[in-house]
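Colleague: sequence and predicted structure, then a few things I'm wondering about:
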Amino acid sequence: MQETNEKINVLDKGFVRLVDFMGGDQRAVQSARVSFGAVSKGEELDKRLIKYLMQHAHHTPFEHCYFQFHICCPIFVARQWMRHRWGSYNEVSARYTEVKDEFYIPDTFRGQDTKNKQGSVPDSQLDNTALRKIYEDSVEASYAAYHKLIEAGVAREMARGVLPVCQYTQFYWSVNARSLFNFLCLRMDKHAQKEIRVYADEIAKIVAEKMPWSWEAFEELNKQLPLGSE
């Protein structure tokens, strides 16, 4: 597949873009059947095999299918993303290039979840207008400080230290389907942070299009997963 410029917008300034894809449902089937020296046995039996592989955790055949994505997301989302180590990453470097004025500004703030220490919950009592002003002022001040340091001759690799983790970054992510399904299982879950769930939701749509049999089997196995972020 040739590189495509089609971007799916996510959050306020982010995106997901499928750069390349190799394999598919039939590749997973072929990789599984080669163990017995066999090939495709027709759509019905091949789909049944995909379902069996998914349900019984025979996941190695899915490792022969590859996706490559171009991702633009806030740094704090990228750091959660890169906890998924079974993939290859190349990220833009603020040592080599000056940082652009691109920062994630949430529309609505959430409150701290008192039951889940790492989670958040909707909170209608929060004054979003006032809180957004505090947030934006802080971002603007940090970016202004960054440029003052650059103009004073400070190296980019040091000046970037004043920037917040809501700064947008970009990276290429190459991942096999087995690892990708693991990512989706964890990041589409309701306990995942909303800002990464919206990315997982869009990636899930791409996987469903490229590997419909595998996605159907995965979805059936993980019925508790939301199809979209609230």
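Modeller: It's in.
Colleague: what helices or strands is the helix or strand of the chain with the lowest mean pLDDT leaning on?
Modeller: Lowest on mean pLDDT, DSSP states H and E among the helices and strands of the chain sits strand 120-122, with a mean of 89. Where contact means 3 or more CB pairs under 8 Å, 6 or more residues apart in numbering; DSSP states H and E, strand 120-122 is packed against strand 110-112. C-betas here are computed from N, CA, C, even on glycine.
Colleague: buried sites along the lengthiest helix in the chain?
Modeller: Counting residues, the longest helix found in the chain (DSSP state H) is helix 128-151. Within helix 128-151, the residues scored as buried using 16 or more other CB atoms under 10 Å are 135, 139, 142-143, 146, 149-150.
Colleague: quick check: closest non-adjacent residue to residue 54.
Modeller: Using CB to CB, 6 or more residues apart in numbering and skipping the chain neighbours, the partner closest in space to residue 54 is residue 217 (3.9 Å).
Colleague: for that neighbour, what are its contacts?
Modeller: 50-51, 53-55 (CB atoms under 8 Å, 6 or more residues apart in numbering).
Colleague: select only the buried ones of those in PyMOL?
Modeller: A single PyMOL command selects the buried members of these (16+ other CB under 10 Å):
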select buried, resi 50+51+53+54
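Colleague: for the contacts of residue 217, work out which two are farthest apart.
Modeller: 50 and 55 (9.7 Å; CB to CB).
Colleague: let's have the buried residues of helix 128-151 in JSON lines, adding distance to residue 61 and pLDDT.
Modeller: Output for the buried residues of helix 128-151, formatted as JSON lines (distance: CB to CB, whole Å; pLDDT from 0 to 100):
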{"residue": "135", "distance to residue 61": "46", "pLDDT": "98"}
{"residue": "139", "distance to residue 61": "46", "pLDDT": "98"}
{"residue": "142", "distance to residue 61": "47", "pLDDT": "98"}
{"residue": "143", "distance to residue 61": "47", "pLDDT": "98"}
{"residue": "146", "distance to residue 61": "47", "pLDDT": "98"}
{"residue": "149", "distance to residue 61": "51", "pLDDT": "98"}
{"residue": "150", "distance to residue 61": "50", "pLDDT": "97"}
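Colleague: the strands in the protein, which residues?
Modeller: Secondary structure of the chain (DSSP state E): strands located at 8-10, 14-22, 66-74, 88-91, 110-112, 120-122, 168-176.
Colleague: domain ranges for this structure, per the record?
Modeller: Using automatic domain parsing, the domains assigned to the chain come out as 8-91+167-221, 110-162.
Colleague: output the below-cut-off pLDDT ranges for this protein.
Modeller: Within the chain, the segments meeting pLDDT under 70 span 1-5, 36-39, 224-230.
Colleague: try 50
Modeller: 1-3, 228-230 (pLDDT under 50).
Colleague: next up, the contacts around residue 94.
Modeller: Each residue near residue 94 by CB under 8 Å, 6+ apart is listed here: 156-157, 160, 163.
Colleague: repeat that for 10 Å
Modeller: 75, 146, 156-157, 159-161, 163, 167, 169 (CB atoms under 10 Å, 6 or more residues apart in numbering).
Colleague: list only those of these flagged as buried.
Modeller: Burial by neighbour count, judged by 16+ other CB under 10 Å, picks out 75, 146, 156, 159-160, 163, 167, 169 from the contacts of residue 94.
Colleague: for those residues, which one is nearest residue 64?
Modeller: Of all the buried ones among the contacts of residue 94, the one sitting nearest residue 64 is residue 169; the distance, using CB to CB, is 29.8 Å.
Colleague: no more questions from me, cheers.
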